[in-house]
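Chemist: structure for the following, please:
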Amino acid sequence: MDEGQELIIERDGYVGTLKFNRPRKRNALSPDLLIRVHLALKEWERSGEVRVAVITSADDRAFCSGYDILAIPTEMTPEMQELARKHNPLELALSTVKNFAYPTIAMLNGYAFGAGLNLAICCDTRIGADDIRVGMPPARLGLVYHPEGLRQFVEVLGMARTREVFLSGRTYQGAEVREMGLVDRLASRAELRQVTYALAGEIADNAPLSLKGTKRILNLLGENLRLGGEQLREAETLVVEAFNSEDLKEGQAAFLEKRKPRFTGK
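Modeler: All right, here's what the predicted structure looks like:
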């Protein structure tokens, strides 16, 4: 394993695996890592060599701790730099995972928070270790989550559970993760890999055109949840308002100081 490689790419037959490999940052999503995920999936899509993609981490403690807002791109190729200039790397990677032509499986072998959980939600199936913790903390930090991310959660969890997950900001653990629909299956750590790759192999044995066609139609059905132009502009205004608030500064300070935030609504 290359410790300096942020994304480890493996393939076994028609099953491909992407492993986040930033252990010192708890596998937080950097722009470099996100664009590498995008490029790897696009290459597999182009070649047709992978019919199931498994996304996991090389570190059993953390699947992904969220988006690394402090990460500075340092090792980008010209192609990656051009993609980062034209697209938000997080939105690009989430969209690519969601719209990858073939089925995707998130194997959550460690905790998943924020954008890391969002990326898992964009996969077709989620299988987690039975002791993992997951959550969406924006409300505890003073943020309004972006509307496309909320739509992705609603599509998977339904409206009521998405409301609870985001409005409470709770951390879910063990059986609660499955009960909330944040994962589809739980397995012991000893069995997680076997359970995940047994399903991946079963899917990969099916007809490629059937897999691609069925997934595309399911994604088209989910498009009905998208906001219209005026609604989207209103949602984006709410996101920006929260981002510029004093509450966001307080939420960040409280998180770093490990104390309860004192929000004022300003």
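
Chemist: would you map the strands across the protein?
Modeler: 7-12, 15-20, 52-57, 62-64, 104-108, 111-113, 125-129, 133-135, 171-173, 185-187 (DSSP state E).

Chemist: packed most tightly, which of these would that be?
Modeler: strand 62-64 (a mean of 28; mean count of other CB atoms under 10 Å). C-betas here are computed from N, CA, C, even on glycine.

Chemist: which strands or helices does that strand pack on?
Modeler: Judged by 3 or more CB pairs under 8 Å, 6 or more residues apart in numbering; DSSP states H and E, the packing partners of strand 62-64 are strand 52-57, strand 104-108, strand 111-113, helix 115-121.

Chemist: can you get me a residue count around E223?
Modeler: Counted with other CB atoms under 10 Å, the neighbours of E223 add up to 9.

Chemist: how far away is it from V154?
Modeler: 12 Å (CB to CB, to the nearest Å).

Chemist: what of D124?
Modeler: In this view, D124 and V154 are 16 Å apart by CB to CB.

Chemist: out of the strands of the chain, which gets nearest to A207?
Modeler: strand 52-57 (13.0 Å; CB to CB).

Chemist: low-confidence stretches in this structure?
Modeler: The model of the chain has pLDDT under 70 over residues 1-4, 70-87.

Chemist: repeat that with 80
Modeler: Applying pLDDT under 80 to the chain flags the ranges 1-4, 69-87.

Chemist: re the thing from before, need the helices and strands packed on strand 62-64 in TSV with distance to I217, can you?
Modeler: Output for the helices and strands packed on strand 62-64, formatted as TSV (distance: least, CB to CB, whole Å):
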stretch	distance to I217
strand 52-57	18
strand 104-108	16
strand 111-113	28
helix 115-121	19
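
Chemist: relative to R233, which of those is closest?
Modeler: Comparing those by CB to CB, helix 115-121 comes nearest, at 21.9 Å.

Chemist: for the chain, just list every one of the helices.
Modeler: In the chain, the helices defined using DSSP state H lie at 31-47, 78-86, 89-99, 115-121, 138-141, 147-157, 159-168, 175-179, 189-204, 208-222, 229-243, 246-257.

Chemist: the longest one to strand 15-20, inter-axis angle?
Modeler: In this case it means helix 31-47. With axes from the mean of the first three to the mean of the last three CA atoms, to 10 degrees defining the directions, helix 31-47 sits at 170 degrees from strand 15-20.

Chemist: how far does helix 31-47 sit from the chain's center?
Modeler: Its chain's C-alpha centre lies 14 Å from the corresponding centre of helix 31-47 when counted by CA atoms, centre = their mean, to the nearest Å.

Chemist: run the angle between it and strand 52-57 for me.
Modeler: Note on geometry: by the same axes, to 10 degrees, helix 31-47 and strand 52-57 are set 170 degrees apart in direction.

Chemist: give the buried residues for helix 31-47.
Modeler: 31-41, 44-45 (16 or more other CB atoms under 10 Å).

Chemist: distance to V240 for these - can I get that in TSV?
Modeler: TSV is the format used below for these (distance: CB to CB, whole Å):
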residue	distance to V240
P31	21
D32	26
L33	26
L34	22
I35	24
R36	29
V37	27
H38	25
L39	30
A40	32
L41	30
W44	36
E45	33
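
Chemist: of these, just say which sits nearest to P147.
Modeler: Taking the buried residues of helix 31-47 together and measuring to P147 by CB to CB, the closest member is L34, at 19.1 Å.

Chemist: circling back to that earlier point, export the helices of the chain as a markdown table, with columns for distance to K266.
Modeler: Below are the helices of the chain laid out as a markdown table (distance: least, CB to CB, whole Å):
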| stretch | distance to K266 |
| --- | --- |
| helix 31-47 | 31 |
| helix 78-86 | 33 |
| helix 89-99 | 27 |
| helix 115-121 | 26 |
| helix 138-141 | 15 |
| helix 147-157 | 23 |
| helix 159-168 | 20 |
| helix 175-179 | 33 |
| helix 189-204 | 45 |
| helix 208-222 | 36 |
| helix 229-243 | 11 |
| helix 246-257 | 5 |
